[in-house]
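Generate a structure from the sequence data that follows.
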Amino acid sequence: MSEDANGDEQPDEEVQEVASFILSQDPDGKRMARVFRDTFDQLYDGQRTGRFRIDQLMKTEKAHFGSLIEINLQRELKFLDGDKLDYKIADHEVDSKYSHTGAWMLPGESFDEIVLVSVADDKNAIWSVGLVRVTKENRRSSANRDRKTSLNQLGRSRILWLFRDQPMQPNALQLLSPEAVRAIMDPRKSGQARINELFRQATNVRLSRNIIATVGQQSDYMKRVRYNGGARSALRPEGHIILGGDYRAQTNIAQGLGATVPEPGEFVSVQVVPADPHNGSLIDGSWWRLKNDDDRITVDAPIIR
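So this is what the prediction gives:
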């Protein structure tokens, strides 16, 4: 921001040009949402470690998140390398700063420059990205021992938010109760048993392939979802069907049931019971509806084609 002769704030044209370029690359934020989801999953490395929360990471790993976001945003949105800062966007130097809390630490080289600030909350599956120029009036006068400072109240109010508290693919294991997570992640269980428990506990919830990999901790984790010994077979007697977002017929079943509809690369597990004709969804030649709390499971769930 600058001020005119009357002291009124004027838009920063360079910030506006950077914002226009980013929004031209990702007008609805879906590409950036995917970057934040993938970066969390990259850092957790759940298939090898079984981790799925920030507080399970070591301090050095948490600190590395900002570097990964910087790299992954650049790859996804095709930002050029900057000459002195991280990026060159719309022919302007732009620094990238991420903070889990929104307390971005700003080094001297970012002073008077444009900064792309970002923050994300995996537990609530939201993220934000904005732009601000780190002018003297926008930053604190104090600094830490590394000579870094942060935005003051005025600077935070001047962030041009491109996306604020936008949704990303949810981390299902953080949506469940601690008791449910303990039942799923029980180390005494086999990978197949853990995946079965995931689909049993996390009903009507979008489950990503990464969550399934984290629970199974096996290289062939997708095999553990299928029939012929996988979760679909094991949970049929309990009335569960597992719907995949990569198949139109299965997303149509979810819509017909009034269930959560899986996106591509996701699964949704629901319990169903037989229904009257035209009440619910037609599956494998018969009508089915979602199970209510009062319903008892007396027949196996239908086979999903």
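
where along the stretch 101-250 of the chain do the helices fall?
All helices of the stretch 101-250 of the chain, identified by DSSP state H, counting those that start in this stretch, fall at 153-157, 178-185, 191-201, 209-216, 231-235, 248-257.

which one of those is the most hemmed in?
With neighbours taken as mean count of other Cβ atoms under 10 Å, those reach their highest mean count in helix 209-216, at a mean of 24. No exception for glycine: its C-beta is placed from N, CA and C like everyone else's.

How about residues contacting that one?
Where contact means Cβ atoms under 8 Å, 6 or more residues apart in numbering, the residues beyond helix 209-216 that reach it are 41, 44, 46-47, 50-52, 171-173, 184-185, 191-192, 194-195, 197-198, 221-222, 224-225, 265-267.

Break the protein into its domains for me.
Residue ranges for each domain of the chain read 2-167, 172-290, as given by automatic domain parsing.

Okay, now the unreliable bits of the chain?
1-9, 143-146 (pLDDT under 70).

again, only this time at 50
Flagging of the chain using pLDDT under 50 yields the residue ranges 1-2, 4-8.

Let's have the domains of the chain in a markdown table, adding distance to Arg296.
Shown next, in a markdown table, are those (distance: least, Cβ to Cβ, whole Å):
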| stretch | distance to Arg296 |
| --- | --- |
| domain 2-167 | 33 |
| domain 172-290 | 8 |
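
Of those domains, which stretch is the most buried?
When the domains of the chain are compared using mean count of other Cβ under 10 Å, domain 172-290 is most buried, at a mean of 18.

Give me the distance between the two termini of that domain.
20 Å (Cα to Cα, to the nearest Å).

same deal with stretch 25-33?
13 Å.

which other helices and strands contact the helix or strand hosting Leu73?
Following DSSP states H and E, one finds Leu73 within helix 59-77. On a contact count with 3 or more Cβ pairs under 8 Å, 6 or more residues apart in numbering; DSSP states H and E, helix 59-77 meets helix 30-44, strand 92-98, strand 114-121.

For the nearest residue in space to Phe65 that is not next to it in sequence, give its distance to Pro170.
Of all residues not flanking Phe65 in the chain, Leu43 sits nearest, at 5.9 Å (Cβ to Cβ, 6 or more residues apart in numbering). Distance of Leu43 to Pro170, given as Cβ to Cβ, to the nearest Å: 17 Å.

quick one: Ile297 is in a helix?
No - applying DSSP: H, G, I helix; E, B strand; the rest coil, one finds Ile297 to be coil, outside a helix.

Tell me which residues touch the residue nearest to it when sequence neighbours are not counted, please.
Take Ile297 and drop its neighbours on the chain: the residue closest to it by Cβ to Cβ, 6+ apart is Gly239, 4.0 Å away. The contact partners of Gly239, taken as Cβ under 8 Å, 6+ apart, are 271-273, 291, 297, 299-301.

and what of Arg140?
Counting by Cβ under 8 Å, 6+ apart, Arg140 touches 149-152.

Repeat that for Gln250.
Shown in contact with Gln250 (Cβ under 8 Å, 6+ apart): 243-244, 262, 304.

With Val273 as the reference, measure out to Asp295.
Separation of Asp295 from Val273 (Cβ to Cβ): 5 Å.

rewinding a little: including distance to Val15, could the helices of the stretch 101-250 of the chain go into TSV?
Shown next, in TSV, are those (distance: least, Cβ to Cβ, whole Å):
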stretch	distance to Val15
helix 153-157	13
helix 178-185	42
helix 191-201	44
helix 209-216	35
helix 231-235	49
helix 248-257	40
